[in-house]
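> sequence and predicted structure below; questions after.
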Amino acid sequence: MTNKTKLIVANVFALLAVVAILASTKLMGLDVSATSLATKALLFLIPQVGFIYFYVKSTSEENKKVLA
């Protein structure tokens, strides 16, 4: 697999992990809905921003290799 494919798979895995965490806490009866919206947003946004950064970084490195 190429680096792009690995990053995309890792991104999907991270997103599914966050969804699984939220679903399991709801099934166990923990009240995650009482937490602030900012906490939920950070659970989704932090992994996504990290993977977007690495994706852009890997594509820029590949473009430099193609131009060289």
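That came through fine. Numbering: from 1, shown residues only.

> can you tell me the closest non-neighbouring residue to S58?
Using C-beta to C-beta, 6 or more residues apart in numbering and skipping residues adjacent in sequence, the residue nearest S58 is N3, 4.7 Å away. Every residue, glycine included, has its C-beta placed from N, CA and C.

> state the pLDDT value of that neighbour.
pLDDT, N3: 72.

> neighbours of L7, how many?
20 (other C-beta atoms under 10 Å).

> that one reaches F54, doesn't it?
Yes: using C-beta atoms under 8 Å, L7 is in contact with F54, at 5.7 Å.

> please spell out which residues along the helix or strand hosting N11 are buried.
In this assignment (DSSP states H and E), N11 forms part of helix 3-27. Residues of helix 3-27 classed as buried: L7, N11, A14, V18, L22 (neighbour count, 16 or more other C-beta atoms under 10 Å).

> from F13, how far off is the first one?
When C-beta to C-beta, to the nearest Å is applied, the distance between L7 and F13 equals 11 Å.

> now do the last one
Between L22 and F13 the computed distance is 15 Å (C-beta to C-beta).

> angle of the worst-scoring helix or strand of the chain on mean pLDDT against helix 3-27?
One helix or strand of the chain scores below all others by mean pLDDT, DSSP states H and E: helix 37-67, with a mean of 76. Per axes from the mean of the first three to the mean of the last three C-alpha atoms, to 10 degrees, the angle that helix 37-67 makes with helix 3-27 is 170 degrees.

> name the helices or strands packed onto helix 37-67?
Helix 37-67 is packed against helix 3-27, with contacts defined by 3 or more C-beta pairs under 8 Å, 6 or more residues apart in numbering; DSSP states H and E.

> next, the contact list for G29, please.
Residues in contact with G29 (C-beta atoms under 8 Å, 6 or more residues apart in numbering): none are found.

> do you know the pLDDT at it?
pLDDT, G29: 79.

> angles on the backbone of it, please.
The phi and psi values for G29, taken as degrees, to the nearest 10, are phi 90, psi 10.

> kindly provide the distance from it to L22.
Distance, G29 to L22, by C-beta to C-beta: 13 Å.

> list the buried residues in the least confident helix or strand of the chain.
L43, P47, F51, F54, Y55.
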